[in-house]
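[1] fold the following, please.
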Amino acid sequence: MGKLIELKNIERNPNTVVTVGTFDGVHIGHRKLMETVVEKANERNARSLVVTFDPHPREIINPGEDGIKMLTTLKERCEILEDLGIDVLLVIPFDRDFSLLSSEEFVRDIIHKKIGVSEFVIGYDHHFGKDREGTIDTIKKLGQKLGFDSYVVSKQEMGDVTISSTVTRKTLAVEGNVKKAAEYLGREYLLNGIVMHGDERGRKIGYPTANLKPEHKNKVIPKNGVYAVKVRVAGEWSGGMMNIGLRPTFGEDERTIEVNIFDFDEEIYGDTIQVRFIDRIRDEQKFEGIEALKQQLKKDKQSSRKILG
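    Numbering: from 1, shown residues only. Below is the predicted model:
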C-alpha cells in the first residue's frame, strides 16, 4: 500500500527511484512516468517515490483571484498513485520560501540528502526550481556529481495532441467533452462532493436531485450542460444524470451542480458522494415551462440509461 508522507517524516533511503511534479490529473503522460518509476524500482529492488506539492506551485508563484483549477485533489492523486503501484507519495508544502530554492539546491539538499536517490525519472518537458531554471540537463549533471542515474520519459500523444493537464482542463471546462477527457486521463473524470439542501424543485417535478458542493473549491467543473454519470453513495454505484448550470427555465443566476440518481430514494444530506462523468448529453437550455422541461428530462434519462448500458 502506498503511503502519504511529509518531508519532515521521510526516512532517507539511497536505494530509491524518484520522480517529481504536481501531476494534476495523473493523465496518461503522468501514468507512463509512474509505470517507469515502478519498473525501475522493481529492477533495482528499490523504493518507488513520487515527490509532489500542495498547494499547486502556480497558486503561490502566480496567485489569481480563484487560484488554478485542479483536475485532482491531493487525496485523489494519492489514491490514483497508490493504484499505480507507487510506494510513497511525499508531499512538500509549496510556499514562497520553497519557491526560492534553486534547482541544484532542491536536488542536492532535498532529493539527495533527505530522501535518497539511486535513479531520477523525469518527464521530457519538466522544469523545476526557482524561475523553473532546472531542466533534464540539470538532473543529468547533478546525477554524475552526486552518484545517481537519470531516465527521461518521452511525451505521450493522442493523434496530434500532446497530452497535458492544461489540455485536459480545457477539454472539460470549455468543451465539456468528458469522453475525450477520459481518454486523456486513462479513467473517467471524477468529482467528490457533499450533498447540500436545495430548493427540492426537482423532487416536485418527479426528478429528485442531490445538490453537490465540490469537496475542493478549485476543482475543475465540466462545462454547463447535462451528463450521463455514475454515482457512488456509501460504496455502492448507481447510474444517474447530472445537470451543471444556471437552470435558465427558472431564471436563476447561481451555478448549481445537481445529480438525479436512478432508482434511488434515500436521505443523504451531508454525505460525500462521488460522481464519474461518462458522456455529455446536451447543452443547458431554457424551456417554455415545467411540462416542456419534464418531457426533456424524460428523454435525458432515457439517453443516460442507454449510454450507461
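
[2] so where do the strands sit in the protein?
    Along the chain, counting by DSSP state E, strands occupy 3-6, 16-20, 47-54, 88-93, 119-123, 149-153, 157-158, 161-162, 190-196, 210-214, 225-233, 236-245, 256-261, 272-282.

[3] quick check: which of these is buried the most?
    The highest mean neighbour count among the strands of the chain, using mean count of other CB atoms under 10 Å, belongs to strand 16-20: a mean of 26. Yep, even glycine has a C-beta here, placed from its N, CA and C like the rest.

[4] returning to that earlier point: want to throw the strands of the chain into a markdown table with mean pLDDT and distance to Lys75?
    Below are the strands of the chain laid out as a markdown table (pLDDT from 0 to 100; distance: least, CB to CB, whole Å):
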| stretch | mean pLDDT | distance to Lys75 |
| --- | --- | --- |
| strand 3-6 | 84 | 9 |
| strand 16-20 | 97 | 20 |
| strand 47-54 | 94 | 10 |
| strand 88-93 | 92 | 11 |
| strand 119-123 | 94 | 23 |
| strand 149-153 | 95 | 25 |
| strand 157-158 | 89 | 27 |
| strand 161-162 | 91 | 28 |
| strand 190-196 | 95 | 8 |
| strand 210-214 | 94 | 13 |
| strand 225-233 | 97 | 15 |
| strand 236-245 | 95 | 19 |
| strand 256-261 | 94 | 19 |
| strand 272-282 | 97 | 11 |
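
[5] give me the most central residue, the protein.
    Centroid check for the chain by CA atoms, centre = their mean gives Thr72 as the closest residue, at 2.2 Å.

[6] Val231 versus that one, what's the distance?
    Thr72 is 19 Å from Val231, where distance means CB to CB, to the nearest Å.

[7] same thing with Arg169?
    Counting by CB to CB - Arg169 and Val231 are separated by 23 Å.

[8] same check, this time on Phe94
    33 Å.

[9] what do you get for Leu212?
    For Leu212, the distance to Val231 equals 10 Å [CB to CB].

[10] what is in contact with these two at once?
    Listed contacts common to Leu212 and Val231 are 259, 273, 275; contacts here mean CB atoms under 8 Å, 6 or more residues apart in numbering.

[11] ok, now which ones touch the last one?
    It stands for Val275. By CB under 8 Å, 6+ apart, the contact set of Val275 is 190-193, 212, 229-232, 240, 242, 259.

[12] which one of the residues you listed is nearest Asp24?
    Nearest to Asp24 among the contacts of Val275 is Leu190, at 13.5 Å by CB to CB.

[13] what sits against the nearest residue to that closest one once chain neighbours are set aside?
    Spatial nearest neighbour of Leu190, excluding adjacent residues (CB to CB, 6 or more residues apart in numbering): Arg276 at 5.1 Å. Arg276 is in contact with 188-190, 229-232, counting by CB under 8 Å, 6+ apart.
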